[in-house]
Every structure is written in C-alpha cells, then in structure tokens.
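Participant: give the three-dimensional model of this entry:
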Amino acid sequence: MPELPEVETVVRGLERAISGKTISEVRLNRADLRTPLPKNLAELLEGRKITGLSRRAKYILIHLDSGQVWIIHLGMSGQILVHQKSPNSERKHDHVVTTFGDRSVMIFNDARRFGLMDITSEKSMAEHALFAHLGPEPLEKSFTGAALKAALTNKKAPIKTAIMDQRVVVGVGNIYASESLYRSHIHPKTLAGKLTPAQCELLVKNIKAVLKSAIQSGGSTLRDFVRSSGDAGYFQHEFQVYERENEPCLTCKTAIERIVQQGRSTYFCPRCQKR
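Facilitator: Residues are numbered from 1 along each chain as shown. Next comes the predicted model:
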C-alpha cells in the first residue's frame with residue numbers, strides 16, 4: 001500500500017500537472033471501488049477549476065473553486081497518471097477518467113479496487129468520517145518526542161504496531177516503521193508505553209528523516225506504485241532492513257531477521273535493536 005512518501009510524491013506531481021486546470025469531463029467506468037462512488041461525483045466535478053492539491057495522512061486532496069474537496073485514496077494498487085492528451089486506448093482497470101479543458105487527461109487505475117473517492121466541503125472536512133480520528137502529521141513541528149511519548153502512555157501494543165496506528169501518527173506504514181525503528185535502535189516488539197522520553201525523541205527524529213528522504217527519492221516502488229508521470233520511485237534502493245532478511249546489517253553485519261506482526265512482515269537487526 002502506498003504510504004505517506006508515495007502519496008506526497010503523487011500530490012506534488014499532480015500539483016505541477018493539473019493545478020489551475022478546469023475539469024471538462026469525468027467518466028466513471030464503474031460505480032464503486034472499495035466503497036460506492038458518490039452518485040453525483042461527475043456532476044460536482046465537471047466545470048470546476050482545481051485551485052490546489054494537498055495531503056492528509058494517505059489521502060490525496062484536490063481543492064476546487066466550488067469550496068469542495070475531491071478526496072482520493074490509492075488503496076493497495078491505485079495509480080494516478082496524467083497524459084497530455086487522451087491515450088488511444090484505455091487500460092484495464094482505468095476506473096475514473098478525468099479530462100481537462102486543455103484536453104489533458106488524468107486517469108485513476110486500480111486493479112485491486114481498494115482505493116476510494118469521495119467529495120466534501122472544505123469547511124466540514126475535519127469532521128469527515130475519514131479524517132475525524134486521525135492523529136498528527138509526522139512532518140509537522142507539532143509532532144515531537146514529547147507528543148509521541150504522551151500518545152504512547154499506557155499503550156501495551158508493540159511499538160511497531162503503535163506507530164502504524166493512524167490515531168497515534170498518520171502515514172507511517174510498514175516500510176517506514178521498520179526503517180525508522182532500525183535507525184533508532186529500538187526492537188519492534190518493545191512495548192510502546194515503555195519507551196523512554198529519549199527514545200521517543202530519537203524515534204520522532206528518525207521518522208521525520210526517513211520520510212523526508214523517501215519523498216526526495218520519489219517514494220518506494222516495490223510492486224504497483226508509480227508517480228503521476230509513470231516513473232518509479234527509488235527509495236527501495238536505500239532500504240537498510242526492509243525486505244533484507246538474512247542479508248548482513250549495514251552496521252554490525254548480523255543477519256537481518258523477519259518476524260510477522262499483525263499479519264505484516266517486520267524487519268530488524270537482532271543485535272542493533274535489542275529488547
């Protein structure tokens with residue numbers, strides 16, 4: 001699933017490609033993705049000018065001159081590609097095709113259909129069911145070691161699970177949780193409530209550093225993810241533990257281990273990340 005760096009990469013690409021354009025046509029090739037598409041989605045979008053793009057957690061937000069926001073989640077395999085003109089033929093799983101006044105086209109493709117779309121007013125977005133429960137953005141100044149320590153108080157979940165909880169902090173998925181914990185020398189099974197203030201400070205520092213580095217590299221492409229230009233990300237070449245089971249730790253040469261937490265693979269160095 002695309003995590004914060006991948007979604008931020010898409011948002012930045014779309015900002016350059018479609019901001020300021022007017023939507024002339026929206027074609028819905030199916031009625032649902034993970035959930036049903038709003039029945040009046042095309043009607044609400046057509047004729048509207050895009051005033052900007054932003055991101056909240058793993059959601060792409062397309063702001064319209066009507067005061068509404070088009071919400072898009074990529075799900076597991078979603079891709080958004082922008083073409084200067086309409087392709088000669090549609091690909092399988094091109095579910096939503098948006099044409100702009102200059103005839104450029106934005107295509108939402110989602111083979112597994114775990115993505116979603118909705119539309120809401122700018123004013124009520126914070127109360128929207130998708131956003132009301134979300135924790136802080138990890139790259140904002142308000143996300144500090146003290147804030148993380150407070151959020152983890154009395155939590156008995158493993159720290160890897162805790163920092164992937166969108167109520168604690170948003171956007172830190174499986175890849176970046178493993179990478180951040182490795183750089184912080186924290187074992188992924190450590191109980192979240194047991195972290196010291198110093199460990200929380202270090203973990204926040206490394207979460208920010210890992211996410212910023214991944215954004216600079218255009219995200220990680222392991223299977224489906226591509227940028228809005230169709231290009232792959234490159235951060236997978238900088239992984240220090242993720243998907244490196246049995247390979248030597250880059251610090252101590254101990255073999256990287258893999259465990260399963262909540263059905264997901266976690267990678268760590270048993271020597272550098274002692275419990």
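Participant: what does the top helix by length along the chain contact?
Facilitator: If you go by DSSP state H, the chain has its longest helix at helix 197-216. With contacts defined as CB atoms under 8 Å, 6 or more residues apart in numbering, helix 197-216 is touched by 4-5, 8-9, 138-139, 143-149, 152, 159, 163, 169, 171-172, 176, 179-181, 183-186, 195, 220, 233, 235, 238. Bear in mind the C-beta positions are built from the backbone N, C-alpha and C, glycine included.
Participant: tell me where the stretch 151-275 of the chain has helices.
Facilitator: 159-163, 174-183, 197-216 (DSSP state H, counting those that start in this stretch).
Participant: pipe the ones you listed into JSON lines and attach mean neighbour count and distance to residue 263 per row.
Facilitator: Below are the helices of the stretch 151-275 of the chain laid out as JSON lines (neighbours: other CB atoms under 10 Å; distance: least, CB to CB, whole Å):
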{"stretch": "helix 159-163", "mean neighbour count": "24", "distance to residue 263": "11"}
{"stretch": "helix 174-183", "mean neighbour count": "25", "distance to residue 263": "10"}
{"stretch": "helix 197-216", "mean neighbour count": "18", "distance to residue 263": "22"}
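Participant: out of the ones you listed, nearest to residue 119?
Facilitator: helix 197-216 (26.5 Å; CB to CB).
Participant: show me where pLDDT drops low in the stretch 51-200 of the chain?
Facilitator: Low-confidence segments of the stretch 51-200 of the chain (pLDDT under 70): 89.
Participant: strands of that one, start to end?
Facilitator: 59-64, 68-73, 79-83, 94-100, 105-109, 116-121 (DSSP state E, counting those that start in this stretch).
Participant: how about residue 135, phi and psi?
Facilitator: In terms of degrees, to the nearest 10, the main-chain angles of residue 135 are phi -80, psi -170.
Participant: next up, the contacts around it.
Facilitator: By CB under 8 Å, 6+ apart, the neighbours of residue 135 are 151, 165-170.
Participant: hmm, back to that, among the helices of the stretch 151-275 of the chain, which is nearest residue 250?
Facilitator: Relative to residue 250, the nearest member of those by CB to CB is helix 174-183, separated by 9.2 Å.
Participant: the closest one packs against which elements?
Facilitator: helix 159-163, helix 197-216, strand 264-268 (3 or more CB pairs under 8 Å, 6 or more residues apart in numbering; DSSP states H and E).
Participant: what's the angle from the second one to helix 174-183?
Facilitator: Right, helix 197-216. 130 degrees (axes from the mean of the first three to the mean of the last three CA atoms, to 10 degrees).
Participant: now do helix 197-216: distance to the chain's middle.
Facilitator: 16 Å (CA atoms, centre = their mean, to the nearest Å).
Participant: adding distance to residue 16 and mean neighbour count, write the strands of the stretch 51-200 of the chain out as TSV.
Facilitator: Listed next are these as TSV, based on distance: least, CB to CB, whole Å; neighbours: other CB atoms under 10 Å:
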stretch	distance to residue 16	mean neighbour count
strand 59-64	14	22
strand 68-73	17	22
strand 79-83	9	20
strand 94-100	14	21
strand 105-109	12	21
strand 116-121	21	18
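Participant: with distance to residue 13 added, can I get these in JSON lines?
Facilitator: Output for the strands of the stretch 51-200 of the chain, formatted as JSON lines (distance: least, CB to CB, whole Å):
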{"stretch": "strand 59-64", "distance to residue 13": "10"}
{"stretch": "strand 68-73", "distance to residue 13": "13"}
{"stretch": "strand 79-83", "distance to residue 13": "8"}
{"stretch": "strand 94-100", "distance to residue 13": "15"}
{"stretch": "strand 105-109", "distance to residue 13": "11"}
{"stretch": "strand 116-121", "distance to residue 13": "18"}
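Participant: out of those, which comes closest to residue 250?
Facilitator: Using CB to CB, the strands of the stretch 51-200 of the chain put strand 79-83 closest to residue 250, at 31.4 Å.
Participant: next, the residues that contact the closest one from outside, please.
Facilitator: Counting by CB under 8 Å, 6+ apart, 10, 13-14, 17-18, 60, 72, 74, 104-110, 224-226, 228-230 sit against strand 79-83.
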